[in-house]
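Peer 1: Model the structure of this input:
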Amino acid sequence: MTAIEAIPGEAFVDELEEIRGEWQSGDRRGGARSRDEAADARRRGLRGGSNNHTFTGEQYLNCTDKVMRRKHLQKIMDEGGQSNFGGPIPSHITLQKWEANAYGLTDEELQILEQEDLTPENLITGGWRIFVTRHEPFPITTGLSYEGEGGRYMESLREPEKIAARLEALRKQFESWGIEDIDRAMANAAVHAEADEDHGSLTQNAIRQYCDTPELQEKMRQVFILRHYSRGDF
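Peer 2: Below you'll find the model as predicted:
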């Protein structure tokens, strides 16, 4: 039921974090994964290719705040590859493939996976994500990313040692598997640990400043929750 009046922006962000806290009884993966489990998860994620460029592009097009729009442009450059603009970091999908190589997937298998049809579940959830960013009001289209990037942003503020510990655990895992180029295998996790702080700050600011009506706040609650459950291990 939609509230009669909107609550203040900071209080609304706190409410979303309380919802997140109900999900965080533990890592959804249930602890460290074997190499085969990690490879299977990456296969599911890469099957049918990525819609991330469409997703971030729609967020940029729908953003009406000039400062945030510039940050969205930077996000597009991050996702699409800073290397396209003279920077050092390739696209995030390339980083995912490097990590997949470390899990045992070959470049040939990755190419075949990208050309396969999406699973019915991923077709629905991916289509929903693009629909939201294309048709909902600006604070919702930007705020959609808060469920993922916002969580890592809040962790960087409150418990940065946990991020460092996860990265170190992943490095040791790659070492135990005998991966030769550890830095290449680690690049996806390391880059996202930093980039998601900036991206999460952007989404949180959009929610705090612009989800200022009961209707927008109720829509944001729904999108936040649905985005979480749309990530299920299909």
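Peer 1: Give me the below-cutoff pLDDT ranges for this protein.
Peer 2: By pLDDT under 70, the low-scoring segments of the chain are 1-3, 25-32, 232-234.
Peer 1: who touches the residue nearest in space to the middle of it in this structure?
Peer 2: In the chain, the residue lying closest to the centroid (CA atoms, centre = their mean) is Gly148, at 4.7 Å. Residues near Gly148 by CB atoms under 8 Å, 6 or more residues apart in numbering: Asp196, Arg227, Arg231. C-beta here means a position set from N, CA and C on the backbone, and glycine is covered the same way.
Peer 1: do Tyr153 as well
Peer 2: Contacts of Tyr153 by CB under 8 Å, 6+ apart are Asp196, Glu197, His199, Gly200, Ser201, Thr203, Gln204.
Peer 1: Using PDB, list the CA coordinates for whatever helix or strand it lives in.
Peer 2: Using DSSP states H and E, Tyr153 maps to helix 149-158. C-alpha atoms of helix 149-158 as PDB (Å, rounded to 0.1, in the frame of the first residue of the first chain):
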ATOM      1  CA  GLU A 149      26.200  -1.700  -6.800                       C
ATOM      2  CA  GLY A 150      24.700   0.000  -3.800                       C
ATOM      3  CA  GLY A 151      25.500  -3.000  -1.600                       C
ATOM      4  CA  ARG A 152      29.100  -3.000  -2.500                       C
ATOM      5  CA  TYR A 153      29.200   0.800  -2.000                       C
ATOM      6  CA  MET A 154      27.800   0.500   1.500                       C
ATOM      7  CA  GLU A 155      30.200  -2.300   2.300                       C
ATOM      8  CA  SER A 156      33.100  -0.100   1.200                       C
ATOM      9  CA  LEU A 157      32.000   2.600   3.600                       C
ATOM     10  CA  ARG A 158      31.200   0.300   6.600                       C
END
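Peer 1: buried stuff in that helix?
Peer 2: Residues of helix 149-158 classed as buried by neighbour count (16 or more other CB atoms under 10 Å): Glu149, Gly150, Gly151, Arg152, Tyr153, Met154, Glu155, Ser156.
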